[in-house]
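Engineer: whatever this is, show me its structure:
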Amino acid sequence: MCPPDRALCSSNACVGCARHSDCSSNACLPEGICGDDSNVAYVAPNGTNNVMCTRATPCNSIANALVTMRPHIKLTGMVDVSIPGTQTVFNAIPIDRPLTFIADPGTTVRYIGTANAFNLIGNFSVQSDNPDLRIYDLTITSTPSLTNKPVGISLTGGKLTLRRSRIVGLTTGVFGTNVDIRDSTIARNERNGITLRGKFSIVNSIIAENGSATSDLGAIRLEFTPVNGVDQIVESSTIMDNRCGSCAEQSYGIDCSSSASCTNVRLGRNNILGNARNDGVYDFSLFASGAVSGANNVTGTAMFASKADPLSPTYYRLAPGSDGIDRGDPVSPVPFDIDGDPRPQGAGVDMGADELKP
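Structural biologist: Down below sits the predicted model:
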């Protein structure tokens with residue numbers, strides 16, 4: 001019999017979990033180990049106002065789960081975070097220690113209320129220098145009734161790891177100094193998608209439709225000068241249809257502040273971008289417009305299955321006929337796309353976050 005933390009038996013060997021349903025606790029941790037009530041706090045819409053937050057007796061709020069001091073919080077369903085009254089600074093989910101959020105498919109953390117939330121710190125606010133925040137399989141958004149939207153995730157210290165998540169309909173999706181984003185969607189945030197003040201990696205992700213005609217930041221805003229191209233990379237990502245009213249058109253995708261430089265940003269391989277900056281380092285990338293140096297880059301048309309709904313599985317996925325199909329780097333280090341589909345599916349690796357399936 002396999003021990004509780006190694007839930008599956010495969011070829012007469014106990015192996016780690018791959019999904020929550022593999023575990024009797026319904027909590028598969030990112031390391032492939034089954035959690036339990038000793039290290040996981042459970043939050044569910046049908047939970048009660050308690051601070052036990054066990055699987056049998058889940059609590060109904062993230063605030064109660066934080067009280068347990070457990071290192072993991074498992075979320076299920078629609079978890080609403082209410083803004084009490086008119087707030088100017090409000091830490092909805094203050095985090096002062098290393099913490100991991102895991103979630104069932106379709107789980108959403110949603111800001112509700114009618115307050116003017118322009119200066120909110122954010123849904124998830126890391127408030128000290130060292131804690132790391134990890135978020136898996138979660139949607140973070142807000143209701144239209146909020147006059148101005150909060151920041152999705154805000155970190156002034158520590159590291160953010162974001163996997164298979166969606167940050168939609170806020171003011172800035174992510175603000176951080178050490179950010180690792182993979183297989184995620186950052187879309188339709190009013191001011192910009194991501195603001196960065198330190199090293200970052202953005203891989204297999206969709207950054208789309210952020211900003212507006214009156215916003216002052218692009219899809220990805222750099223507010224520091226990268227030292228080299230090792231710790232700063234955007235790769236196999238789709239960065240399209242973002243707007244910045246006060247930016248030059250070529251900065252809609254990646255914009256650098258006056259005190260920063262994009263020169264050392266290694267945009268890597270296999271990206272699809274709406275516009276080009278000539279001071280970045282590109283390779284095997286498709287641009288909707290703008291002349292970009294590099295023999296492997298392409299200027300052409302990026303065709304997508306749908307742009308209607310950021311929560312849809314077809315959002316900014318490639319459509320047949322796109323100029324990015326089969327034209328990526330043949331030795332790409334990214335073996336799967338944003339949906340977990342193997343690369344390549346056709347004659348070659350596709351550019352962007354999605355690999356078109358035949």
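Engineer: am I right that R19 is in contact with L29?
Structural biologist: No - using CB atoms under 8 Å as the test, R19 is too far from L29 to be in contact (11.6 Å). Bear in mind the C-beta positions are built from the backbone N, C-alpha and C, glycine included.
Engineer: of these two, which one has the most company?
Structural biologist: Shown here are R19 and L29; by other CB atoms under 10 Å, L29 has more neighbours (24 against 12).
Engineer: give me the pLDDT value at that one.
Structural biologist: For L29, the model assigns a pLDDT of 97.
Engineer: do the same with the one 5 residues further on
Structural biologist: Reported pLDDT at C34 in the predicted model: 95.
Engineer: near it, how many other residues are there?
Structural biologist: The burial count for C34: 23, using other CB under 10 Å.
Engineer: phi and psi next, for the closest residue to it other than its chain neighbours.
Structural biologist: Using CB to CB, 6 or more residues apart in numbering and skipping residues adjacent in sequence, the residue nearest C34 is C23, 3.6 Å away. Backbone torsions for C23, taken as degrees, to the nearest 10, come to phi -110, psi 140.
Engineer: same check on I62?
Structural biologist: phi -70, psi -30.
Engineer: correct me, but it touches V79?
Structural biologist: Yes - using CB under 8 Å, I62 makes contact with V79 at a distance of 6.5 Å.
Engineer: between those two, what contacts are shared?
Structural biologist: 43, 109 (CB atoms under 8 Å, 6 or more residues apart in numbering).
Engineer: now do the same contact list for the residue nearest the centre of the chain.
Structural biologist: Central residue of the chain (CA atoms, centre = their mean): S184, 4.1 Å from the mean position. Taking CB under 8 Å, 6+ apart as the contact definition, S184 lies against 162-167, 205-206, 338.
Engineer: which of these sits closest to P58?
Structural biologist: Here the nearest of these to P58, counting by CB to CB, is S165; it sits at 21.0 Å.
Engineer: how close does the closest one sit to A56?
Structural biologist: For S165, the distance to A56 equals 27 Å [CB to CB, to the nearest Å].
Engineer: in a helix, P333, correct?
Structural biologist: No - counting by DSSP: H, G, I helix; E, B strand; the rest coil, P333 is not found in a helix; it is coil.
Engineer: what about it, neighbour count?
Structural biologist: P333 is flanked by 11 other residues according to other CB under 10 Å.
Engineer: same thing with L160?
Structural biologist: Around L160 there are 22 residues (other CB under 10 Å).
Engineer: quick check on it: phi, psi?
Structural biologist: According to degrees, to the nearest 10, L160 has phi -100, psi 130.
Engineer: verify the stated contact: it with P131.
Structural biologist: No - when contacts are counted by CB under 8 Å, L160 is not listed as touching P131 (10.3 Å).
Engineer: what's near enough to touch the residue lying closest to G35 once chain neighbours are set aside?
Structural biologist: Counting by CB to CB, 6+ apart, G35 lies nearest to A27, which is 3.9 Å off, once chain neighbours are set aside. Contacts for A27 (CB under 8 Å, 6+ apart) come out as 20, 34-36, 40, 42, 55, 72, 74, 102.
Engineer: among those, name the ones in helices.
Structural biologist: Among the contacts of A27, the subset assigned to helices under DSSP state H is empty.
Engineer: export those to CSV and tack on distance to F200?
Structural biologist: Compiled in CSV, these are given as follows (distance: CB to CB, whole Å):
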residue, distance to F200
H20, 29
C34, 31
G35, 28
D36, 34
V40, 29
Y42, 32
R55, 35
H72, 24
K74, 27
I102, 23
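Engineer: so of those, which ones are in strands?
Structural biologist: Secondary structure from DSSP state E places 40, 42, 72, 74, 102 of the contacts of A27 in strands.
Engineer: is it true that the second one touches T54?
Structural biologist: Yes - taking CB under 8 Å as the definition, Y42 is a contact partner of T54 at 6.2 Å.
Engineer: ok, the two, which is more surrounded?
Structural biologist: A side-by-side neighbour count of Y42 and T54, using other CB under 10 Å, places Y42 first with 26 against 17.
Engineer: what's the neighbour count on the nearest residue to that one once chain neighbours are set aside?
Structural biologist: Spatial nearest neighbour of Y42, excluding adjacent residues (CB to CB, 6+ apart): P58 at 4.0 Å. For P58, the number of neighbouring residues by other CB under 10 Å comes to 22.
Engineer: quick one: contacts for P58?
Structural biologist: P58 touches 42-44, 46-48, 76, counting by CB under 8 Å, 6+ apart.
Engineer: ok, which pair from the residues you listed is furthest apart?
Structural biologist: T48 and T76 (14.0 Å).
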